[in-house]
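Trainee: A predicted structure for the sequence below; I have some questions about it.
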Amino acid sequence: MSDAAESLGGPAPSLRVTDLTQIPDEPDPSLHHRRSWTFRTSLRDLWARREVMVTLAERDIRASYKEASLGIAWAILTPLAMLIVLVLVFKRVKSFQIGDGVPYILFAYVGILPWQYFASSLSNGGNSLLANKVLLAKIHFPRECFPLAQLLEAALNTALATSVLVVLFAINRFTPHIQTLWVPLFILIEVAFCAGVVLAASALLVHVRDLVQALPLVVSLGMFATPVIWPFTKIPADIQPVYSFFNPLGPIINNIRRTVLLGQGPTWGLLGIAAAGSLVYLIGGYAIFKHLETDLADIA
């Protein structure tokens, strides 16, 4: 072996004795990989691979209903079952009535639809990275495609569930008001809010596994902290601005009810605060996701 080393022009290898006490427990912080990113570049890459989100959403929709006997009808039955329970329990609570001849069944279902979209997006989107850890490690595309695809799936389910509202309008002989045309604006604010929360939750769940158990509890309790079954006016007026910022769903649901059921204009002040809060959630959630993105494939 010595002759071979000398024939290659190098010295013969020698045995080195290393002091194990000199080996650090952790690598030097300067050696840590720091991935640089910008919102502009990330959004451009995400838009360029937008078809991936559509493909993932289509796959998840097919997988969700493929083996179910009722198939995609579950998208309608789930909020309908929730509506039946809420009506049976809270219909006789007079303080929940919103007046002007609006049936409580319409009042409740108009609140259920946006809440169901948020709850479905958060429940499925929050676990999306863990559920797709094989793809996460093998295929390269923007990782945010996984949680954002769940927003598309939730949008389809909510659109299907909206058909029940049309039937309820017909049964109760109720005609939506022209102010319903403001609803797309409310939806846009909600989507921004949901995207921010889902992006942050999906990355945090990979790093803090205890959140996997806490997520269903948050979704369940969140419904009672949001004016789904009770009117937004139950919140004291001096607290409404702060509440609207931290929980944009409150004024969103309230304004949907005002425009669709009561024919009133939006509450622009609170809606503006909700929009600002949604923007903060979106930017903050995306920043959290990109900051934690580097280790997602290794940890998941």
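Mentor: Done, it's in.
Trainee: so where's the stretch 151-300 of the chain shaky on pLDDT?
Mentor: Along the stretch 151-300 of the chain, the parts satisfying pLDDT under 70 run over 297-300.
Trainee: SS state for His140?
Mentor: Here His140 takes the coil state, with states given by DSSP: H, G, I helix; E, B strand; the rest coil.
Trainee: tell me the confidence at it?
Mentor: pLDDT recorded at His140 is 78.
Trainee: for it, grab phi and psi.
Mentor: phi -100, psi 110 (degrees, to the nearest 10).
Trainee: next: Gln264.
Mentor: Main-chain dihedrals, Gln264, degrees, to the nearest 10: phi -100, psi 160.
Trainee: give me the neighbour count for it.
Mentor: 14 (other C-beta atoms under 10 Å). Using the backbone N, CA and C atoms, a C-beta is placed for each residue, glycine as well.
Trainee: quick one: it and Leu271, what's the gap?
Mentor: Gln264 sits 12 Å away from Leu271 when distances are taken as C-beta to C-beta, to the nearest Å.
Trainee: wait, what's in contact with Ile283?
Mentor: Contacts of Ile283 were listed using C-beta atoms under 8 Å, 6 or more residues apart in numbering, and they are 39, 196.
Trainee: so which helix or strand takes in it?
Mentor: helix 268-292 (DSSP states H and E).
Trainee: in that helix, which residues are buried?
Mentor: Buried residues in helix 268-292, counted by 16 or more other C-beta atoms under 10 Å: 270-271, 273-275, 277-278, 280-282, 285-290, 292.
Trainee: could you do stretch 60-69 as well?
Mentor: Buried-residue list, stretch 60-69, by 16+ other C-beta under 10 Å: 60-61, 64-65.
Trainee: equivalent analysis for stretch 236-243, please.
Mentor: For stretch 236-243, using 16+ other C-beta under 10 Å, the buried residues are 240, 243.
Trainee: settle this for me: Gln190 is touching Ile252, isn't it.
Mentor: Just so we're on the same page, residue 190 is Glu rather than Gln. Yes. Using C-beta atoms under 8 Å, Glu190 is in contact with Ile252, at 5.2 Å.
Trainee: name the residues contacting each of the two.
Mentor: Joint contacts of Glu190 and Ile252 (C-beta under 8 Å, 6+ apart) are Pro114.
Trainee: grab the nearest non-local neighbour of Pro248.
Mentor: Ala274 (3.8 Å; C-beta to C-beta, 6 or more residues apart in numbering).
Trainee: actually Ala275, sorry about that
Mentor: Ile189 (5.0 Å).
Trainee: mind checking which helix or strand the one you found is in?
Mentor: Per DSSP H and E: helix 183-207 holds Ile189.
Trainee: distance from that helix to the middle of the chain?
Mentor: Computed by C-alpha atoms, centre = their mean, to the nearest Å, the chain-centroid distance of helix 183-207 equals 4 Å.
Trainee: what element comes up after that helix heading to the C-terminus?
Mentor: Assignment by DSSP H and E places the next element after helix 183-207 at helix 210-224.
Trainee: run through who's touching that next one.
Mentor: Contacts for helix 210-224 (C-beta under 8 Å, 6+ apart): 115, 119, 122-123, 126-127, 130, 201, 204-205, 229.
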